[in-house]
Each structure stands twice: as structure tokens, then as C-alpha cells.
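S.K.: Everything below, folded, please.
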Amino acid sequence: MLIVDSQAKEEDVEKLMGKIEKTVKKHGEGKIKEVKKIGLKRLAYPIGHKREGIYYLLNLEIDPVSIKEYEEVMKLSNIVLRFLTK
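M.R.: Alright, predicted model coming up:
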């Protein structure tokens, strides 16, 4: 699960998805099985003074080494409000 800033430009979201794909495939045979844009939703509480976010559901097949790198990409992105790995 990924929540992106509702004010983010579409090209910034596409760049982020490109970085995610590169990270997933970096250490072997990882792949993105599905990216589902759930859409704009009101947040339960403000995150960084933001009240709305665009929700994405990502189904990834990723090796354990790449998970840490994936999390770093999410933390360093200025358009990601929250993410969840499970």
C-alpha cells in the first residue's frame, strides 16, 4: 500500500513507479505483479498538513535484499506520504 500526495504531478508518480520497478528487479527475478490505483481518498488524520492522498495497491514479488532498498526509495521520495510493506 502506498499513499501519494494528492498534489503530486503525474510525471512525478510515473518516475516513482519507475524507481520502484528498477529496485524490485535489481537483485534477481523480482517483478511487479499488479499496480492498482485506488484513487483519491480523505486521510483519517493529516499527514504533513495534507488531508487527502492518492492510494495505490502494489503487488510485488521481491527478494528480501531488495525490500530494504524499496523502503529507502519510499522514505526518500517527497511525494510519498505513507507506505506499508508486508
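
S.K.: who's in contact with the residue of the chain positioned farthest from its centre?
M.R.: The C-alpha centroid of the chain is most remote from residue 28, which lies 20.2 Å away (CA atoms, centre = their mean). The contact partners of residue 28, by CB atoms under 8 Å, 6 or more residues apart in numbering, come to 63, 66. All C-beta atoms are positioned from the backbone trio N, CA, C, and that covers glycine.

S.K.: Provide the secondary structure category for it.
M.R.: What DSSP: H, G, I helix; E, B strand; the rest coil gives for residue 28 is coil.

S.K.: Show me what residue 35 bridges to in the sheet.
M.R.: residue 58 (DSSP bridges).

S.K.: does it really touch residue 58, like I thought?
M.R.: Yes: if you go by CB atoms under 8 Å, residue 35 and residue 58 touch, sitting 5.6 Å apart.

S.K.: So the two - more neighbours on which side?
M.R.: Neighbours were counted for residue 35 and for residue 58 using other CB atoms under 10 Å; residue 58 has more, 19 against 14.

S.K.: From residue 83, how far out is the more buried one?
M.R.: With distances taken as CB to CB, to the nearest Å, residue 58 is found 9 Å from residue 83.

S.K.: who touches both of the two?
M.R.: Common neighbours of residue 58 and residue 83 (criterion: CB under 8 Å, 6+ apart): 1, 2.

S.K.: Next up, phi/psi of the residue farthest from the centre of the chain, please.
M.R.: Per-residue torsions, residue 28: phi 120, psi -140 (degrees, to the nearest 10).

S.K.: Looking at it now. What's its pLDDT?
M.R.: You'll see residue 28 listed with a pLDDT of 79.

S.K.: neighbours around residue 82, how many?
M.R.: Per other CB under 10 Å, the neighbour tally for residue 82 reads 14.

S.K.: Am I right that it is in contact with residue 3?
M.R.: Yes: with contact defined as CB under 8 Å, residue 82 counts as touching residue 3 (4.5 Å).
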